[in-house]
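J.: Prediction below, plus the sequence it came from.
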Amino acid sequence: MRNRRKFTEITLYLLPALLVIGFVYFFPLIKVFQYSFMRIKGTSFKYIGLTNYINIFNNPKFIEGLKNNFILLISVPIILILAIFFAILLYERMGGWKLYRFTLFLPYILAIPVVGVVFGYIFQLNGILNFFLEKLGLQFLINDWFGSSKFAIWTLMFVIMWKELGFSIVLIFARLLSVNQELYEAAEIDGASWLKKHIYITIPQCISVISFLSVILIITMFAWVFNYVYTLTRGGPGNSTMVSEFYIFETAFRDYNQGTGSAAAVILFLIMIVLIIAYTKTFRREEVDQ
Amino acid sequence: MASKKFQMKKNYPALVSRQIMMGFLVVLSLFPVFFMVNTALKSREDYILNRFGFPHGIAWGNFREVFLGKSFSTWFLNSVILTVISVLFTLVIALLAAFALSRYKFRMREGILNFVISLMMIPPVIMIIPLFIFMSNVKLTNSYIGINLIYSGLLLPFSIYLLTTFFRSIPQSIIESAYIDGCSSIRILRNILIPMSMPPIMTLIVINALWVWNELLLALVFLQKDQFKTLMTGITVFKSRYNVNIPLTMMGLVIITIPMIIIYFLAQKYFIRGLVSGSLKE
């Protein structure tokens, strides 16, 4: 009797969450597989086998998109190294660290579309960056930062790094606060240099948060850069800043080709599964560590 | 914790080079914000003659012009409505689920929790096509209901995770004595657990509100009619509308950003705690 009541209660408490999650995650994840084998035109759905997959892998736009996702991964080690370095500076209580912590985190608060529009103006051909470069006599550095297909992806990467760095700094800093002070004191007594101290103490102590951040950042570069691309470049010039998310969006909602869009979504999903497995592994390790 | 003990010995070249590096990063972080505000305060004439200098006199008129401009106040209101409803709806559902996942013992309990956590990182772009086809069929595009449901679904995994770990840290004895006093489970949740959980609840409200306010992709796809657009989708319309009057665009961006900055100032503590607890338990 008591057991049945317990079961009813658990079900009632969990049901709303499971229904909403089922609707937003499970149902679409099943459907997207099904749609990826279909041609969808308005209300007509027709199975066409693997055609969508063959099409996307022969489509330079999709291939460029995936390639650019991989190029963006270059920013991951750069963000991590910068974040570790600046987190250490904050941790060692350099003058004004509280103010610095606040300002370094500011980019993270701003909405990506806002950041996108502002950087769009900054990097314009007649924008303020080129204006400064000219004033400083650095004409040779002047570029159409988002307008040239050679530079656009790197400029985009810079904006993403600008936005993401603060979060990594704050996380590593938070971890550093719980590192045992005696480790550093002992190292100082032994006469270890600043660099050695951090290579042999800080990095091993923070390794779990660093690996966690790596996975998060890799996932970001694959699947959370739509907002930047949409507000800054729309994939152009040419396909030079195309990414898989933007390809899915364009194919499904600009070209109304939802079957092909679904096939691309399935490919992205398969990549995500691998990353998410890595994520849950680091995530659980994190909990054990603390 | 890290106290005075830890200060560097007076090594001036090192101190100065640190300040220079940190100063560089701070300038880099602040510059776009400064540029946005600086441009937003210029009048049109001022901007044409003096694009990159400081404004000559502050053009407060820009603020009024943006707010009274076509649709801006509608978009603003839409963003507020969507944010409030999604955040509250998510919170209620997540509280109930976290209660079940922390206060009852049953098979699959850890399985459900871990599974929900792993959903946290699946980007909405993967689900967006089936969701759009479904919502079109039931005529829920361009409505608050459809997109609220989707937002809540996407916010639930993190919300459930955060509340469950907090609920589990509350001593069982408190709950048990309430049971003995004959409290029903829903009263235990309402009268004991929720009042004790205000810090994580605040964290969730702040983080989820920021997320919904800043969301672009789903808003673009599901709210295409002008009267339903949010500020984030509005930005892009706005940018092309005021193409010749960049100070107005920038003023629009400033207005969009202000609520977030206020929330950050008021709830900085909750905010950072939430982000940190998303990755490691404090």
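T.: Done, it's in. Numbering: from 1, shown residues only, chains lettered A, B, ... in the order given.

J.: any idea which residue sits dead centre in chain B?
T.: residue B:210 (1.3 Å; C-alpha atoms, centre = their mean).

J.: what about the nearest residue to residue A:264 once chain neighbours are set aside, helix or strand, and which?
T.: Closest residue in space to residue A:264, ignoring its immediate chain neighbours: residue A:248 at 4.9 Å, by C-beta to C-beta, 6 or more residues apart in numbering or on different chains. Yep, even glycine has a C-beta here, placed from its N, CA and C like the rest. Under the criterion of DSSP states H and E, residue A:248 resides in helix A:244-253.

J.: quick one: buried residues of the following helix or strand past that helix?
T.: In the C-terminal direction, the helix or strand that comes right after helix A:244-253 (DSSP H and E) is helix A:258-289. Neighbour-count burial for helix A:258-289, with 16 or more other C-beta atoms under 10 Å in any protein chain shown as criterion, is recorded at A:258-269, A:271-272, A:275-276, A:278-280, A:282-283, A:286.

J.: same check, this time on stretch A:36-53
T.: For stretch A:36-53, by 16+ other C-beta under 10 Å, it's A:36, A:37, A:38, A:39, A:40, A:52, A:53.

J.: looking just at contacts, which helices and strands does the least confident helix or strand in chain A by mean pLDDT meet?
T.: When the helices and strands of chain A are scored by mean pLDDT, DSSP states H and E, helix A:258-289 comes last with a mean of 79. When contacts are defined as 3 or more C-beta pairs under 8 Å, 6 or more residues apart in numbering or on different chains; DSSP states H and E, helix A:258-289 sits against helix A:27-35, strand A:38-41, helix A:51-57, helix A:207-223, helix A:244-253, helix B:109-119, helix B:124-137.

J.: Where does pLDDT dip in the stretch 51-200 of chain B?
T.: Within the stretch 51-200 of chain B, no stretch falls below the threshold (pLDDT under 70).

J.: Looking at chain B, which residue is nearest chain A?
T.: residue B:153 (2.6 Å; C-beta to the nearest C-beta).

J.: count of residues packed around that residue?
T.: Residue B:153 has 25 neighbours, counted by other C-beta atoms under 10 Å in any protein chain shown.

J.: do the same with residue B:250
T.: 26.

J.: what's the answer for residue A:99, then?
T.: The burial count assigned to residue A:99 is 11, neighbours taken as other C-beta under 10 Å.

J.: The closest residue to chain B within chain A and residue A:189: what is the separation?
T.: Chain A approaches chain B most closely through residue A:24 (2.6 Å), counting by C-beta to the nearest C-beta. Residue A:24 sits 56 Å away from residue A:189, going by C-beta to C-beta, to the nearest Å.

J.: again with residue A:228
T.: The gap separating residue A:228 from residue A:189 is 48 Å, by C-beta to C-beta.

J.: helix or strand right after the strand or helix carrying residue B:24?
T.: For residue B:24, the enclosing helix or strand under DSSP H and E is helix B:12-40. Proceeding N to C from helix B:12-40, the next assigned helix or strand is helix B:44-49, under DSSP H and E.

J.: what's near enough to touch residue B:82?
T.: For residue B:82, the contacting residues are B:144, B:147, B:148, B:151, B:212, B:230, by C-beta atoms under 8 Å, 6 or more residues apart in numbering or on different chains.

J.: switch the cut-off to 10 Å
T.: Contacts for residue B:82 (C-beta atoms under 10 Å, 6 or more residues apart in numbering or on different chains) come out as B:144, B:147, B:148, B:151, B:212, B:213, B:215, B:219, B:223, B:228, B:230, B:231.

J.: Chain A next: which of these are close?
T.: Counting by C-beta under 10 Å from any C-beta of the partner chain, the subset of the contacts of residue B:82 that neighbours chain A consists of B:151, B:213, B:215, B:219, B:231.

J.: In three-state terms, label residue B:78 for me.
T.: Reducing the assignment at residue B:78 to three states with DSSP: H, G, I helix; E, B strand; the rest coil gives helix.
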